[in-house]
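[1] Predicted model and sequence below, questions to follow.
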Amino acid sequence: MNLEGTLKQSLQTILNQDTANLNAASPLLGHYAELDSMGIMMLLMELESTLGIDVNNIDLTVENFETFGALLACIETSVNQVAVAS
């Protein structure tokens, strides 16, 4: 599964909703009640486990959680940092 698919699957688990139709402009933060501070932490822990990234290296700004595209770009950056460090 590619990174986009992995992120969609993780979001589906947290949101308990179908995420197949999410695109770069799809709103996240403020659009899903489940994506509150606890939901974000659960998502980050899921991604850390699934992708082997360190959540301490993720830029935890509101802007990075506003849309699916912003979150995907943020996660891609973190995954690339892990790949370079390896």
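    Structure received.
[2] Correct me if wrong: residue 6 contacts residue 49.
    No. Counting by CB atoms under 8 Å, residue 6 stays clear of residue 49, with 11.0 Å between them. Quick note: C-beta positions are derived from backbone N, CA and C, even for glycine.
[3] higher neighbour count, the two?
    It is residue 6, of residue 6 and residue 49, that has more neighbours when counted by other CB atoms under 10 Å, with 17 against 10.
[4] State the distance from the more buried one to residue 47.
    8 Å (CB to CB, to the nearest Å).
[5] for residue 40, same thing?
    11 Å.
[6] residues in contact with residue 6?
    Contacts for residue 6 (CB atoms under 8 Å, 6 or more residues apart in numbering) come out as 47, 50, 51.
[7] repeat that with 7 Å
    Applying CB atoms under 7 Å, 6 or more residues apart in numbering, we find residue 6 in contact with 50, 51.
[8] per-residue confidence for it?
    Note on residue 6: pLDDT of 95.
[9] so it is in which element?
    Here residue 6 sits within helix 3-15, counting by DSSP states H and E.
[10] Show me where the protein has its helices.
    With helices called from DSSP state H, the chain shows them at 3-15, 37-51, 63-66, 68-85.
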